[in-house]
Structures are given as C-alpha cells and as structure tokens.
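Enquirer: give me the fold of what follows.
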Amino acid sequence: MRSDPPLTLRQTGPGRVHLVATGAGPLGGDRLALGVDVAPGTSLEIRSVGATLVLPGHVPGESSMTVHARVGAGATLRFLPEPTVLAAGCSHRMTVRLSLAPDATVVWREEIVFGRHGERPGRCHTRFDATVFDTTGAGRPLLRQDLVVGDGHTDGSPAVYGDARCVGSTLVAGPEWRTQPDGKDERRAETGDGWAALPLAGPGVLSSALAADAVELRRRLERAEDAALRLAVAW
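Expert: Prediction:
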C-alpha cells in the first residue's frame, strides 16, 4: 500500500483496509485519486473511518475524487465507505472506473448527504462506469450512471429527489447474477419504501435508495441489498 495525506490507507485486518482522513477536505482545487488492484483469487474490503466532508476552498474551481479499481479472476472486492457530505458552497466531482474479470465479485456502495444540518448542499457530479472484461480482453458495459446533486432546478422535483436529503446506491455484481445459458432472464425488480433493487443487463443488480437522513438511507439501502442477494439465490 502507498498513500499520502489527506487520504491515508491503513490495514485494519486480514484483507481489510480503512481510508483515514489525515487532512481536511476534499477542498476546492484538490485532485485526489485512489487506485485499487485486487489480485486473482484474493479478497479485499475497503471501508472508511468516518464520513467524507467536501468543503469549498481558497482555490477557485471544483475538487475531484477519482477511483480506478480492477478486480481479477475469482477475486472479491467490497467497497463500503461512509457517506460523502456536500457542505454548502462546495463543487465536487466523483468518478469511479471499475473493471471486473468475468468471474469477479463486487459490492460497491456510495452514499451522498445533501449538506450539513440546516444548510443547502454544494454541487456534486458523480460518474460510475463498471465494465466486465472477458478472457479475450473485450469489455462489456455493466453499469453507466451519472448523478447530479445541488442543482436547484431539479433537486426538489418529485421526479428526482423530492424532499429527500440523502441518496445512495450499491452495485452487487458477480457470476451468481448471470443470465441463464438459454438467454432467459426471469429476474424481476423489487421495490419498497424509498428503495429499489434493479437487475442489470449483465451479471449484477443495482440497489438504490432515497431518504431524509443518513441513518434511514443506510437502512433502506441494506433492504435493497438484501433484495439483490435474493435475486442471486433464486438461481
């Protein structure tokens, strides 16, 4: 492992690493990057010690956090950080590039809180790209998702976030979620109060949730994740 402040890596157990904030931020103008390579046949769990607070900075312009993760053949990655909180006035971009071997397994959770208590959120644009590569090296898109938070024209729309103050999603993917050999896919979306588990056109399920606070968001996401696991067990 190699890291530098303000984002420091600490091994906290066999196959487990925690992200530790050793400085404030991200601040405006910061460009942070994290590279993760899970070797074939191994398992890795990544968590964070606390929530990430995105702040405006003295330098004009947005901050950014980019994660490149590669999960090898037969490997497992669980990426479960605490929420990202968008402080008023921040401008932030979050980008994930996830590459999966055909028999790799991943659980990847992201949670965003719209500002601290009593304040409007800053602006954030998230982009998530997950690609499954076959043995020849050819890639097939599994998930392409964009979210924007902090746009006054859309945040309060009932078709977007409504009165929610938090949004989150979890990608669960792996060979257990492949379609049947005959090409039939009988998986059906499951929904509940503020959450949904949506099968993808590939080996995975996207769980999504909205809530008024971070505690309820986590509860709803966990219900959606349980539903995603049931879709695998059904096979």
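
Enquirer: contact partners for residue 33?
Expert: With contacts defined as CB atoms under 8 Å, 6 or more residues apart in numbering, residue 33 is in contact with 65-68. Backbone N, C-alpha and C define where each C-beta goes, glycine included.

Enquirer: for the host helix or strand of residue 19, name the packing helices and strands.
Expert: With elements delineated by DSSP states H and E, residue 19 resides in strand 16-21, which encompasses its position. Applying 3 or more CB pairs under 8 Å, 6 or more residues apart in numbering; DSSP states H and E, we find strand 16-21 packed against strand 7-13, strand 43-48.

Enquirer: which residues of the chain score low on pLDDT?
Expert: Counting by pLDDT under 70, the low-confidence segments of the chain come to 179-185, 233-235.

Enquirer: how about 80 then?
Expert: Using pLDDT under 80 as the threshold, the predicted model of the chain has low-confidence ranges 25, 59-60, 152, 179-187, 233-235.

Enquirer: tell me which stretches of the protein form helices.
Expert: 214-233 (DSSP state H).

Enquirer: got a list of what residue 163 touches?
Expert: Under the criterion of CB under 8 Å, 6+ apart, the contact list for residue 163 reads 156, 212.

Enquirer: repeat that for the one 3 residues further on.
Expert: Counting by CB under 8 Å, 6+ apart, residue 166 touches 83, 111-114, 210-214, 216-217.

Enquirer: let's see which of the residues you listed end up in strands.
Expert: With strands identified by DSSP state E, the entries of these that belong to them are 111-113, 210-211.

Enquirer: tell me which of the residues you listed is nearest to residue 149?
Expert: Minimum separation from residue 149 among those (CB to CB) is found for residue 112, which lies at 5.9 Å.

Enquirer: verify the contact between that closest one and residue 125 for me.
Expert: No. Taking CB atoms under 8 Å as the definition, residue 112 is not a contact partner of residue 125, at 11.0 Å.

Enquirer: those two: who's more crowded?
Expert: A direct count of neighbours by other CB atoms under 10 Å for residue 112 and residue 125 places residue 112 higher, at 25 against 17.

Enquirer: picking that back up, just name the most buried of the helices and strands packed on strand 16-21.
Expert: Taking mean count of other CB atoms under 10 Å as the contact definition, the stretch among those with the greatest mean neighbour count is strand 43-48, which reaches a mean of 18.

Enquirer: tell me what that one is packed against?
Expert: If contacts are counted by 3+ CB pairs under 8 Å, 6+ apart, strand 43-48 sits against strand 16-21, strand 31-38, strand 76-80.
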